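Asks: what's the 3D shape of this:
(one chain, ligands or ions: 3)
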Amino acid sequence: MPTLEINLKDKSYPICVEEGLITKIGEMLKGITEAKKVAVITDTNVGALYSEIVMNSLSTAGFSPCLIQVEPGEKSKSCDTLMKVYKKLIMNKISRWDMVLALGGGVVGDLAGFAAATYLRGIPYVQVPTSLLAQVDSSIGGKVGIDLPEGKNLIGSFYHPLAVFIDPKVLLTLNARFFSDGMAEVVKYGCIRDSALFERLLSFETKEELLEHMEDIILACLSVKKQVVEEDERDMGSRMILNFGHTLGHAIEKYFGYTTYTHGEAVAMGMYQITKRSEELGITANNTSTLLKKVLLKYNLPYKLPPVNKPELIANMSTDKKGSGSYLNIVLLKSIGECFVKKIAQEEIPKFFAL
Ligand SMILES: NC(=O)c1ccc[n+]([C@@H]2O[C@H](COP(=O)([O-])OP(=O)(O)OC[C@H]3O[C@@H](n4cnc5c(N)ncnc54)[C@H](O)[C@@H]3O)[C@@H](O)[C@H]2O)c1
Ligand SMILES: O=C(O)C(=O)C[C@@H](O)[C@H](O)[C@H](O)COP(=O)(O)O
Ligand SMILES: [Zn+2]
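Replies: Ligands and ions are numbered 1, 2, ... in the order given. Here you go, the predicted structure:
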């Protein structure tokens, strides 16, 4: 089983990638926890497809599982849903010797991870990511949290799972839109630190060909994320590169009330727009934005901004966590595979973005 390990100063945890792993979750957990009760947190879409398999596997391995389901979609990364999850954890008498299992996409992972981080001052959890985005990005690195109407992921914590179990086979039930959504983060990894991955993304001729190489692609993204998280766990320096395209992307998500565009779609527009602009300013190598547009179109992702009130969109960037009140840190490409973080003074932001 291809396994990576995240090695942090005071904690390490494995990421296991294997087809069919979803049926063996109970067995896998036995090796890493003494817990008896497992609260499986999922959304109703993923629950309908996979909760029975996971619950059965947990029971067979001797655990007492209970199921907590939330509505699918970004709106569940909210205070309201979080409160409902806490109440269900209490109802099911989950103690600090028990654990949470996050079964789902990035929304479930971020929400359940934050519930685990804060319930009874923190109980252990594992990530079982089922969307492409969650398998390549959100399930590792420990960023968990919820949104506020004022901005994306404004409440949260760094709280790492005991382990991450990835079954690429479950991606077969993901719909085309959310497959593309995850591809946006895959493209991000190619752009920031892996030009060979970017080239491969351009070279696949069909979705079938891409799917044949999916395990490799997931591992390529995870290797970059592992390196970056190990370098700067708390996001004070180099980890900010994982936010390429996100300053504008998060502003777009908020502008449209977190419903019109998926996270990946918003990030896709953010990556292209900032790269086109930095190319115009002579910061990024010529032709980079054209290559980026090509790959985004190939994976059915948007690159053009929809009609928006530009000052309002720019104002939405003020809650970006990469900035202080007086400046914003923004991630730019030198070329495909090479990026850096640039400080921009608050008053320069409208001119810099010139959307
Ligand atoms: N914590 C991090 O480091 C990090 C990184 C990237 C993104 N995120 C967050 O992740 C969220 C987006 O995650 P997402 O794109 O996975 O969205 P999501 O969790 O809403 O999942 C997308 C959709 O796919 C469905 N789904 C998931 N797995 C499925 C499967 N195997 N088969 C069928 N349907 C399935 C879900 O029910 C949902 O409708 C955003 O909130 C974003 O901010 C967090
Ligand atoms: O792990 C990280 O660090 C990331 O920035 C990964 C991003 O893809 C992800 O969208 C993350 O949730 C953004 O976090 P935020 O700190 O910008 O809210
Ligand atoms: Zn992201």
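Asks: stretch 239-248 close to ligand 2?
Replies: Yes. Using Cβ under 6 Å from any ligand atom, stretch 239-248 reaches ligand 2 at 239, 242, 243, 246. For the C-beta atoms, the positions are set from N, CA and C on the backbone; glycine is no exception.
Asks: find the nearest non-adjacent residue to residue 43, please.
Replies: Among residues not flanking residue 43 along the chain, residue 72 sits closest, at 4.1 Å (Cβ to Cβ, 6 or more residues apart in numbering).
Asks: typo on my end, it should be residue 232
Replies: Here the residue nearest residue 232, using Cβ to Cβ, 6+ apart, is residue 239, at 4.0 Å.
Asks: likewise residue 81?
Replies: residue 70 (5.3 Å).
Asks: before we move on, what about residue 30?
Replies: Closest to residue 30 by Cβ to Cβ, 6+ apart is residue 61, at 5.2 Å.
Asks: list the contacts for that neighbour?
Replies: 26, 27, 29, 30 (Cβ atoms under 8 Å, 6 or more residues apart in numbering).
Asks: generate CSV for the residues you listed, with neighbour count as supplementary columns.
Replies: Listed next are those as CSV, based on neighbours: other Cβ atoms under 10 Å:
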residue, neighbour count
26, 19
27, 13
29, 23
30, 14
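Asks: okay, and which of those residues map to helices?
Replies: Among those, the ones falling in helices (DSSP state H) are 26, 27, 29, 30.
Asks: tell me the one among those residues nearest to residue 209.
Replies: residue 27 (32.5 Å; Cβ to Cβ).
Asks: tell me the secondary structure for the residue in the stretch 1-150 of the chain positioned nearest to ligand 2?
Replies: Distances between the stretch 1-150 of the chain and ligand 2 by Cβ to the nearest ligand atom are smallest at residue 141, namely 4.2 Å. Three-state assignment for residue 141 (DSSP: H, G, I helix; E, B strand; the rest coil): coil.
Asks: ok, so what distance separates it from residue 315?
Replies: 28 Å (Cβ to Cβ, to the nearest Å).
Asks: those two: which has the busier surroundings?
Replies: For the pair residue 141 and residue 315, the greater number of neighbours falls to residue 141 (23 against 14), based on other Cβ atoms under 10 Å.
Asks: can you give me the strands for the stretch 151-300 of the chain?
Replies: Along the stretch 151-300 of the chain, the segments classed as strands by DSSP state E, counting those that start in this stretch run 151-158, 164-166.
Asks: now the ones you listed in JSON lines, with mean pLDDT, distance to ligand 1 and mean neighbour count?
Replies: Output for the strands of the stretch 151-300 of the chain, formatted as JSON lines (pLDDT from 0 to 100; distance: least, Cβ to the nearest ligand atom, whole Å; neighbours: other Cβ atoms under 10 Å):
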{"stretch": "strand 151-158", "mean pLDDT": "96", "distance to ligand 1": "6", "mean neighbour count": "18"}
{"stretch": "strand 164-166", "mean pLDDT": "98", "distance to ligand 1": "11", "mean neighbour count": "26"}
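Asks: can you tell me which of those is nearest to residue 255?
Replies: Closest to residue 255 of these, according to Cβ to Cβ: strand 151-158, at 10.8 Å.
Asks: the stretch 1-150 of the chain against ligand 2: which residues are in contact?
Replies: Within the stretch 1-150 of the chain, the positions near ligand 2 by Cβ under 6 Å from any ligand atom are 137, 141, 143.
Asks: how about residue 322, what does it touch?
Replies: 240, 243, 247, 328, 329, 330, 341.
Asks: the third one touches residue 330, doesn't it?
Replies: Yes. The criterion here is Cβ atoms under 8 Å, and residue 247 meets it with residue 330 at 5.6 Å.
Asks: quick check: neighbours shared by these two?
Replies: Common neighbours of residue 247 and residue 330 (Cβ under 8 Å, 6+ apart) are 274, 322.
Asks: any residues of the stretch 1-150 of the chain in contact with ligand 1? List them.
Replies: 43, 45-46, 49, 72-74, 77, 104-108, 110, 130-131, 133-134, 137-138, 141, 143.
Asks: could you redo the last one with a cut-off of 8 Å?
Replies: 43-46, 49-50, 72-74, 76-77, 104-110, 113, 129-134, 137-145, 147 (Cβ under 8 Å from any ligand atom).
Asks: and the closest residue to residue 138 other than its chain neighbours, its phi and psi?
Replies: In this structure, residue 138 finds its nearest non-sequential neighbour in residue 106, 3.7 Å apart by Cβ to Cβ, 6+ apart. Here the main-chain torsion angles of residue 106 (degrees, to the nearest 10) amount to phi -60, psi -30.
Asks: list the residues that contact residue 106.
Replies: Residue 106 neighbours (Cβ under 8 Å, 6+ apart): 129, 131, 133, 134, 137, 138, 139, 263.
Asks: can you pull the pLDDT of it?
Replies: Predicted confidence (pLDDT) for residue 106: 98.
Asks: also the one 4 residues further on?
Replies: As summarised for this prediction, residue 110 has a pLDDT of 98.
Asks: any idea how far the helix or strand where it lies is from the middle of the chain?
Replies: Using DSSP states H and E, residue 110 falls within helix 106-118. Taking Cα atoms, centre = their mean, to the nearest Å, the mean C-alpha location of helix 106-118 is offset from the chain mean by 12 Å.
Asks: which element follows that helix toward the C-terminus?
Replies: strand 125-129.
Asks: only C-alpha atoms, please: export that following strand in PDB.
Replies: Output in PDB follows, covering the C-alpha atoms of strand 125-129 (Å, rounded to 0.1, in the frame of the first residue of the first chain):
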ATOM      1  CA  TYR A 125     -10.300  11.800  14.500                       C
ATOM      2  CA  VAL A 126      -9.400  10.200  11.200                       C
ATOM      3  CA  GLN A 127     -10.000  11.500   7.700                       C
ATOM      4  CA  VAL A 128     -11.600   9.200   5.100                       C
ATOM      5  CA  PRO A 129     -11.800  11.700   2.100                       C
END
